[in-house]
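Participant: Generate a structure from the sequence data that follows.
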Amino acid sequence: MVQWLAPPSLTTPSCSPAVTPRSPKSSSLPLPFAATEADKPSSESIINRKARAVYPCEAEHSSELSFEIGAIFEDVQTSREPGWLEGTLNGKRGLIPQNYVKLL
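Facilitator: Reported below is the predicted structural model:
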């Protein structure tokens, strides 16, 4: 899983499954981007939405997706894993770090 240490730089962030991402609400660290009210998921589940990657990510586990900035995910849903979404990219379904995408 992703460890949220600092906003992503020019290097690709790690998506290591060994570390649980911090919840945006409980973290004292800033989000990787300035979220607006429209970007923040409601308390309801996210179902069948699209999302666009705002940061690149390299998967480190078979259940995660690797992607570049601008990738469009289909059928995005809330995951059981806190801080993660599930979505489909290029026909492959997997986990997406929630703070790395913007819901469309």
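
Participant: CA only for contacts and neighbour counts going forward, please
Facilitator: Will do.

Participant: now this protein, which segments are flagged as low pLDDT?
Facilitator: 1-44 (pLDDT under 70).

Participant: all strands in it, in order from the N-terminus.
Facilitator: Secondary structure of the chain (DSSP state E): strands located at 14-15, 49-53, 58-59, 72-78, 84-89, 92-97, 101-103.

Participant: any chance of those strands in a markdown table, plus mean neighbour count?
Facilitator: Conversion of those to a markdown table gives the following (neighbours: other C-alpha atoms under 10 Å):
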| stretch | mean neighbour count |
| --- | --- |
| strand 14-15 | 20 |
| strand 49-53 | 19 |
| strand 58-59 | 18 |
| strand 72-78 | 20 |
| strand 84-89 | 22 |
| strand 92-97 | 21 |
| strand 101-103 | 20 |
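
Participant: The chain: helices as residue ranges?
Facilitator: In the chain, no helices are defined using DSSP state H.

Participant: Pipe the strands of the chain into CSV and attach distance to residue 65 per row.
Facilitator: Converted to CSV, these look like this (distance: least, C-alpha to C-alpha, whole Å):
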stretch, distance to residue 65
strand 14-15, 9
strand 49-53, 11
strand 58-59, 5
strand 72-78, 10
strand 84-89, 8
strand 92-97, 5
strand 101-103, 12
